[in-house]
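A.B. asks: no sequence on hand, only this structure:
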């Protein structure tokens with residue numbers, strides 16, 4: 001992953017008559033992240049545009065210091081070394097972390113076939129091996145190098161030569177001096193090369209980019225965006241006859257990417273801008289040629305202002321930041337065509353990033369005009385927009401004509417009705433009933449479709465007894481209504497009645513004989529249940545109870561306890577059953593007159609009570 005490339009800040013050439021070298025700069029890429037916990041491993045390259053160039057040496061001295069520093073420390077593996085010649089890949093299996101040691105080189109990353117040499121670097125490399133910075137700035141100086149024309153490691157691979165691997169958790173600053181030899185075997189010294197590498201995870205940090213990396217902390221310029229997405233012009237009808245005889249249309253530039261921004265509509269002699277109509281454009285006296293001239297607060301007072309014709313980028317009225325340059329609107333404001341075709345040209349526009357409405361709406365559209373006309377509009381438009389990828393495409397010669405006339409049958413009742421037609425061409429074919437006698441006769445029908453419904457004769461008076469709801473023609477057969485009882489079960493049922501008048505008398509069965517014991521005065525139909533009157537005692541507790549009697553005659557005799565023996569001196573003639581109290585007649589002379597006679601009985605009765613008379 002390439003994260004940086006900085007061209008030399010000071011270049012010194014040592015070759016008479018040669019003023020151009022093939023070296024193009026220093027660059028870096030991330031080799032590993034967190035291979036050593038918390039660090040990033042970078043590889044540093046010298047870049048060349050000629051594959052035959054040879055990088056000979058990296059050097060430093062007092063006049064051209066060599067500095068490789070970090071704001072923290074460099075990772076140094078215990079079994080590694082300061083130069084790639086000290087890196088043995090045979091140990092990687094046992095010590096994987098050795099692969100991320102910090103070291104310097106020319107071309108090769110380990111000791112295999114490596115011809116790298118060094119001179120004068122010992123003190124500086126010792127500090128570097130402890131995790132410190134490399135600094136070579138003394139008068140004697142030092143270098144790591146290869147012998148020219150000996151090892152292929154000095155030649156660029158894919159345009160670059162590896163010069164260092166650095167593992168750190170800090171920012172890196174490099175000041176480096178190089179010597180290289182070109183294909184003519186001419187050597188060049190390039191001094192004062194600088195490269196800064198801020199610590200961080202490089203990647204695309206723009207959330208709107210296609211390759212946004214949420215883990216990236218350092219934008220490396222790798223963000224990619226959708227291609228420019230302009231997809232054409234469209235129009236829509238927004239009002240008909242709001243201004244009598246005129247239709248109001250809105251015209252849009254369409255995009256598939258909501259982050260592409262329309263900036264300008266323009267025209268000049270080689271790319272004319274034209275908005276023409278076969279009729280005229282409605283221009284309200286309170287309006288103007290741009291949406292910046294439209295104040296929506298006036299719509300309530302001046303309703304026609306809402307349908308003024310104007311140009312715009314996104315907005316419909318104030319407030320907005322719409323501007324124009326080099327445009328003459330006088331003919332347009334007079335209701336005539338608008339055209340820009342002179343060498344200087346002109347445009348209406350917004351500055352990038354200033355107008356939110358310059359980005360597509362939810363339907364992918366940016367409004368560019370409102371046109372109210374009684375004719376057909378013909379437009380030729382040129383536009384410029386800023387795509388999300390940073391480019392500024394121009395779309396020229398865009399044409400739009402509206403409304404598009406589609407001839408055909410415009411009558412919905414016609415059998416060949418064309419819902420897409422907006423211009424009737426007289427071709428309509430009407431199918432229907434062609435029989436004049438039918439109730440659904442269609443005088444416009446040009447062909448019978450078998451739908452004719454012939455009239456039905458009958459009584460059409462809904463109040464008549466024989467009303468026919470299906471009748472189309474009254475045939476004089478209506479019968480008047482007769483009021484009466486319509487219930488066949490009623491005693492007064494009237495079979496001629498057609499409307500019930502609530503007079504029905506329903507039968508009530510029962511005994512209708514007033515002399516009968518069970519006479520029912522409410523009955524109107526005798527049911528044969530009449531019972532004759534039988535007089536007698538109807539009290540079951542009386543001695544003379546008569547179960548056949550149904551009318552009590554007061555003759556009931558109820559039981560009376562007493563002596564029922566007529567021979568007894570206490571005989572009770574009213575007693576109905578003997579209660580065991582009878583006393584036999586006296587046989588003695590009770591009163592002492594020498595006789596058992598009446599007087600003796602009277603004396604006894606004085607004691608026991610007077611017997612029956």
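C.D. replies: Arrived safely, thanks for sending. If you're wondering where the values come from, they're calculated on a predicted model, not measured in any experiment. Numbering: from 1, shown residues only.

A.B. asks: any idea what residue 69 is bridged to?
C.D. replies: Taking DSSP bridges, one obtains residue 173 as the residues bridged to residue 69.

A.B. asks: and the gap between it and residue 174?
C.D. replies: Distance of residue 69 to residue 174, computed by Cβ to Cβ, to the nearest Å: 8 Å. Where C-beta positions appear, they are placed from N, C-alpha and C, glycine not excepted.

A.B. asks: comparing these two, which shows the higher neighbour count?
C.D. replies: Shown here are residue 69 and residue 174; by other Cβ atoms under 10 Å, residue 174 has more neighbours (23 against 17).

A.B. asks: roughly how far apart are the more buried one and residue 194?
C.D. replies: Remark: distance between residue 174 and residue 194 (Cβ to Cβ) = 7 Å.

A.B. asks: any common contacting residues for the two?
C.D. replies: By Cβ atoms under 8 Å, 6 or more residues apart in numbering, residue 174 and residue 194 have these common neighbours: residue 26.

A.B. asks: helices of the chain, residue ranges please.
C.D. replies: Taking DSSP state H as the test, the helices found in the chain are 122-129, 330-333, 598-608.

A.B. asks: just give me the lowest mean pLDDT stretch among those helices.
C.D. replies: If the helices of the chain are sorted by mean pLDDT, helix 598-608 sits at the bottom with a mean of 55.

A.B. asks: next one, pLDDT for residue 130 please.
C.D. replies: The score at residue 130 is 97. That number is its pLDDT.

A.B. asks: I'd say it and residue 75 touch.
C.D. replies: No: contact criterion Cβ atoms under 8 Å: residue 130 and residue 75 do not qualify, at 11.4 Å.

A.B. asks: domain parsing of this protein, as residue ranges.
C.D. replies: Here the domain assignment for the chain is 2-203, 230-402, based on automatic domain parsing.

A.B. asks: mean pLDDT lowest where, among these?
C.D. replies: In terms of mean pLDDT, the lowest-scoring of the domains of the chain is domain 2-203 (a mean of 90).

A.B. asks: how far does it sit from the chain's center?
C.D. replies: 57 Å (Cα atoms, centre = their mean, to the nearest Å).

A.B. asks: before we move on, the earlier item: who has more neighbours out of residue 130 and residue 75?
C.D. replies: Neighbour count, other Cβ under 10 Å: between residue 130 and residue 75, residue 75 has more, with 22 against 9.

A.B. asks: so who does residue 535 touch?
C.D. replies: 549, 551, 552, 553.

A.B. asks: can you tell me which of these has the most neighbours?
C.D. replies: Taking other Cβ under 10 Å to define a neighbour, the member of the contacts of residue 535 with the most is residue 549, carrying 18 neighbours.

A.B. asks: any idea how far the nearest residue to residue 427 once chain neighbours are set aside lies from residue 415?
C.D. replies: Leaving aside its sequence neighbours, residue 427 sits nearest to residue 409 (Cβ to Cβ, 6 or more residues apart in numbering; 5.2 Å). Per Cβ to Cβ, residue 409 is found 9 Å from residue 415.

A.B. asks: now the common contact residues for these two.
C.D. replies: With contacts taken as Cβ under 8 Å, 6+ apart, the residues that reach both residue 409 and residue 415 are residue 429.

A.B. asks: settle it for me: which of those two has more neighbours?
C.D. replies: Shown here are residue 409 and residue 415; by other Cβ under 10 Å, residue 409 has more neighbours (20 against 15).

A.B. asks: gap between that one and residue 441?
C.D. replies: Counting by Cβ to Cβ, the separation of residue 409 from residue 441 is 22 Å.

A.B. asks: same check on residue 428?
C.D. replies: Applying Cβ to Cβ, the value for residue 428 to residue 441 is 18 Å.

A.B. asks: of the two, who's got more company?
C.D. replies: residue 428 (20 against 14).

A.B. asks: for that one, which residues are in contact?
C.D. replies: For residue 428, the contact set (Cβ under 8 Å, 6+ apart) comprises 409, 410, 411, 414, 416, 417.

A.B. asks: from the residues you listed, list just the buried residues.
C.D. replies: Burial by neighbour count, judged by 16 or more other Cβ atoms under 10 Å, picks out 409, 410, 411, 414 from the contacts of residue 428.

A.B. asks: low-confidence ranges in the stretch 501-613 of the chain?
C.D. replies: Along the stretch 501-613 of the chain, segments meeting pLDDT under 70 span 585-613.

A.B. asks: where along it do the strands fall?
C.D. replies: Applying DSSP state E, counting those that start in this stretch to the stretch 501-613 of the chain gives strands spanning 509-510, 525-526, 535-536, 551-552, 561-562, 577-578.

A.B. asks: and the fifth one, what does it pack against?
C.D. replies: This points to strand 561-562. strand 577-578 (3 or more Cβ pairs under 8 Å, 6 or more residues apart in numbering; DSSP states H and E).

A.B. asks: so which elements touch the strand it packs on?
C.D. replies: If you count contacts as 3+ Cβ pairs under 8 Å, 6+ apart, strand 577-578 packs onto strand 561-562.

A.B. asks: what lines up beside the strand it packs on in the sheet?
C.D. replies: Strand 561-562 pairs in its sheet with strand 577-578 (parallel), by DSSP bridges.

A.B. asks: what residue is smack in the middle of this protein?
C.D. replies: residue 362 (12.8 Å; Cα atoms, centre = their mean).

A.B. asks: measure it to residue 258 for me?
C.D. replies: In this view, residue 362 and residue 258 are 8 Å apart by Cβ to Cβ.

A.B. asks: equivalent analysis for residue 370, please.
C.D. replies: From residue 370 to residue 258 the distance is 22 Å (Cβ to Cβ).

A.B. asks: those two: which is more packed in?
C.D. replies: Ranked by neighbour count (other Cβ under 10 Å), residue 370 and residue 258 place residue 370 first, with 22 against 15.

A.B. asks: next up, the contacts around the more buried one.
C.D. replies: By Cβ under 8 Å, 6+ apart, the contact list for residue 370 reads 238, 248, 249, 250, 251, 291, 307, 308, 309, 310, 312, 316.

A.B. asks: try 7 Å this time
C.D. replies: By Cβ atoms under 7 Å, 6 or more residues apart in numbering, residue 370 lies in contact with 248, 250, 309, 310.

A.B. asks: kindly state the beta-bridge partners for it.
C.D. replies: With DSSP bridges as the rule, residue 370 is bridged to residue 250, residue 310.

A.B. asks: distance-wise, check it relative to residue 293.
C.D. replies: 12 Å.

A.B. asks: give me the common contacts of these two.
C.D. replies: Contact with both residue 370 and residue 293 is made by residues residue 310, according to Cβ under 7 Å, 6+ apart.

A.B. asks: for residue 313, give its distance to residue 223.
C.D. replies: Counting by Cβ to Cβ, the gap from residue 313 to residue 223 is 26 Å.

A.B. asks: more neighbours: these two, which one.
C.D. replies: Between residue 313 and residue 223, residue 313 has the larger neighbour count (other Cβ under 10 Å), namely 29 against 21.

A.B. asks: thought that one was touching residue 368?
C.D. replies: Yes: applying Cβ atoms under 7 Å as the test, residue 313 and residue 368 come out as touching, 6.4 Å apart.

A.B. asks: just checking, residue 211 touches residue 204?
C.D. replies: Yes: if you go by Cβ under 7 Å, residue 211 and residue 204 touch, sitting 4.9 Å apart.
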